[in-house]
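J.: Requesting a structural model of the entry that follows:
(one chain, ligands or ions: 1)
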Amino acid sequence: MRFHVLTLFPEMIEQGFHTSITGRAMEKGLLSLNAVNIRDFAGNKHMKVDDYPYGGGAGMVMQAEPVYAAHQSLENQAGRKLRTIYLTPQGHTFNQKMAEEFAQEEELIFLCGHYEGIDERVLEEVVTDYVSIGDYVLTGGELPALVMMDTISRLVPGVLNNDVSAETESFQDSLLEYPQYSRPEEWRGKKVPSVLLSGHHANVEKWRREQSIIRTAKWRPDLLEKAQLTKKEQEFLKG
Ligand code: 6GU
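T.: Residues are numbered from 1 along each chain as shown. So this is what the prediction gives:
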């Protein structure tokens, strides 16, 4: 997977991504990151990329031409149109299903706005997907781009050490994850549930599934509607 990010703050993207699992996946050649500074496409000696909004109002608007030129440079390099995601609180709310769909692409462009946003005319020209990461307002699209890239990256084969874990985890089957324990067996008087020490694999699986269902019912009852529970499990929840 190759990620391109159009931003006024490329260091923010690079710092965030060259870390931990995504950093290692880049070293392995499974992921690549191209953070492009829109300011490099300002086309004037003052490197100015924003201006006052027509009609008045607070803040500045990122001008169309530098964004367009930066975007064109990427599509020219690729030799084709590329899916281009604009990060905006006005977009569709990001979820695991969208991540799975984006993970099928070979290359993606993320466009990060700052200040009061980007001139609408260039958005109409280049954006294919408008995406938000939730109902709150951030200062720019860089953190949302990192959130999306992280979520998509772990779906790319080989990025996680064990390819089962991407499948077992939260939301895949609309249930929350079961609790995890590691050594020591007893910590501050709290014991690890004995079934996990039993070596009885089927019982461990049964206990984990129960825990997932209990947690989901308690913390995210809205998810249970989508979850595929057996008759027995539905009875278990009621009782
Ligand atoms: Cl994608 N951008 C900004 N600026 N704020 C957000 C967001 C995006 N998603 C949630 N809040």
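
J.: Could you pick out the residues of the protein near the ligand for me?
T.: Taking C-beta under 6 Å from any ligand atom as the measure of proximity, the chain contacts the ligand at 87-89, 132-134, 136-138, 140-141, 144. (Each C-beta comes from the backbone N, C-alpha and C, glycine too.)

J.: Name the single longest strand found in the protein.
T.: If each strand of the chain is counted by residues according to DSSP state E, the longest one is strand 84-93.

J.: quick one: buried residues of that strand?
T.: When neighbours are counted by 16 or more other C-beta atoms under 10 Å, the buried residues of strand 84-93 are found to be 84-89, 91.

J.: wait, what's in contact with the residue nearest the centre of the chain?
T.: Central residue check for the chain by C-alpha atoms, centre = their mean: the C-alpha nearest the mean position is that of Met148, 2.1 Å away. The contact partners of Met148, taken as C-beta atoms under 8 Å, 6 or more residues apart in numbering, are 85, 87, 94, 99, 102, 110, 131, 133.

J.: Just confirm the fifth one contacts Phe110, I think it does.
T.: I take that to be Phe102. No - no contact is recorded between Phe102 and Phe110 when judged using C-beta atoms under 8 Å, the distance being 10.1 Å.

J.: Compare the two and say which one has the larger neighbour count.
T.: Taking other C-beta atoms under 10 Å, Phe102 and Phe110 do not tie; Phe110 has more neighbours (25 against 19).

J.: Which residue, other than its chain neighbours, is closest to Lys81?
T.: Distances taken as C-beta to C-beta, 6 or more residues apart in numbering put Glu75 closest to Lys81, at 6.0 Å, once the chain neighbours are dropped.
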